[in-house]
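Okay, here's the prediction I keep looking at, along with the sequence it came from:
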Amino acid sequence: MTFSRFEELRTRGTTMQDDVLADVAESELVTRRGTFRAVAFRDRVDGPEHLALTRGDPLGHEDVLVRVHSECLTGDVFGALRCECGAQLSSALDAIVAEGAGVVVYLRGHEGRGIGLVAKVRTHVLQDEGGFDTVDSATALGLPVDVRDFGPAARVLRHLGVASVRLLSNSSDKVHALAAHGVAVTARVPLLEPVDEHNVAYLTAKRDRLGHHLPHLDPVRP
C-alpha cells in the first residue's frame, strides 16, 4: 500500500491496522476486454497469492460492481462444463467493462469450495459413478462442504477504497460472509448462466442444498 493511498483511506476512517495487506504489487494488465489494473496481494505472509482486477478508480465510490470469484482451475482455465464458474467469471468481466468500473477479486486456495484440486477431482468420480451431488460427494470423503475464507476479499476491497458493493453473485451466503468482514453489500446482482445437461445436476444441488438463487433452473430437470 502506498503512503498516499494509506493516508487517503485513513482520513476517510476506513483503515484499521488489521486491514493492511502483507504484500501488494500493482500494474496495468492489458486483456482482450481492455486495460485493467492488476493488484496482486497476500493477505498474510504465509497465505496464498490472490488477484484483484479493477476497472476505473473505485477509491471512495459506493455501490461498486464487484465479483468475488473462487478459484476453479477446471472451469476458469479449461472451460469445464460441469460447473458455471468459468462462464460466471467471463460474464462478470463483461458486466464490469460495460459499466466502465468495477472489481473482480480472484481468490486462490478456494478450489472445490476450499478442499483443493485433488480432492475435488475425487468428488467428481463419486458424482459420475455413484450419482452423488456436489455436497454429498464431499462429505462421503470425510471432507467439509465449504471452508472458504472471504476475509482477504474484504481486506483488498478496503485497500482499494471501495465504500460499498453491488455483488455479482447468486449466493446469499457470500453476501453474508462479506458483510461479516465489514463490507457493505447494497445489492446482489444475479449471474445466471445457461443450463444444460452437463451442469444441471450441479446447479440443482447449489439451489436445493446450498441456497443459491437460480430461478432459471425451474424449466429444466436433471
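Arrived safely. Here the structure is a predicted model, which is why all the values come from computation and not from measurement.

Return the residues in contact with the spatially most central residue of the chain.
In the chain, the residue lying closest to the centroid (CA atoms, centre = their mean) is His69, at 1.7 Å. By CB atoms under 8 Å, 6 or more residues apart in numbering, the contact list for His69 reads Asp76, Cys85, Gln88, Leu89, Ala92, Val104, Val105, Tyr106, Leu107. From N, CA and C alone the C-beta is placed, and that goes for glycine too.

Out of the residues you listed, who's the most crowded?
Counting neighbours by other CB atoms under 10 Å, Val105 leads the contacts of His69 with 27 neighbours.

So what are the sheet partners of the helix or strand containing it and their directions?
Using DSSP states H and E, Val105 sits within strand 102-107. Within its sheet, strand 102-107 is paired with strand 49-55 (antiparallel), strand 64-70 (parallel), according to DSSP bridges.

how about the ones you listed, which one is nearest Leu168?
Leu168 sits nearest to strand 64-70 of all the strands paired with strand 102-107, at 4.2 Å, using CB to CB.

Would you indicate which residues of that closest one are buried?
For strand 64-70, a neighbour-count test (16 or more other CB atoms under 10 Å) marks Val64, Leu65, Val66, Arg67, Val68, His69, Ser70 as buried.

Please enumerate the strands of the chain.
23-31, 34-42, 49-55, 64-70, 102-107, 165-168, 185-189 (DSSP state E).

hang on, the earlier thing: output the strand holding Val105 in CSV, but only the C-alpha positions, please.
Extracted C-alpha coordinates of strand 102-107, given in CSV (Å, rounded to 0.1, in the frame of the first residue of the first chain):
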residue,chain,number,x,y,z
GLY,A,102,-15.7,-2.4,-11.0
VAL,A,103,-13.6,-5.0,-9.4
VAL,A,104,-13.1,-8.7,-9.8
VAL,A,105,-11.4,-10.3,-6.7
TYR,A,106,-9.9,-13.7,-7.7
LEU,A,107,-9.3,-15.8,-4.6
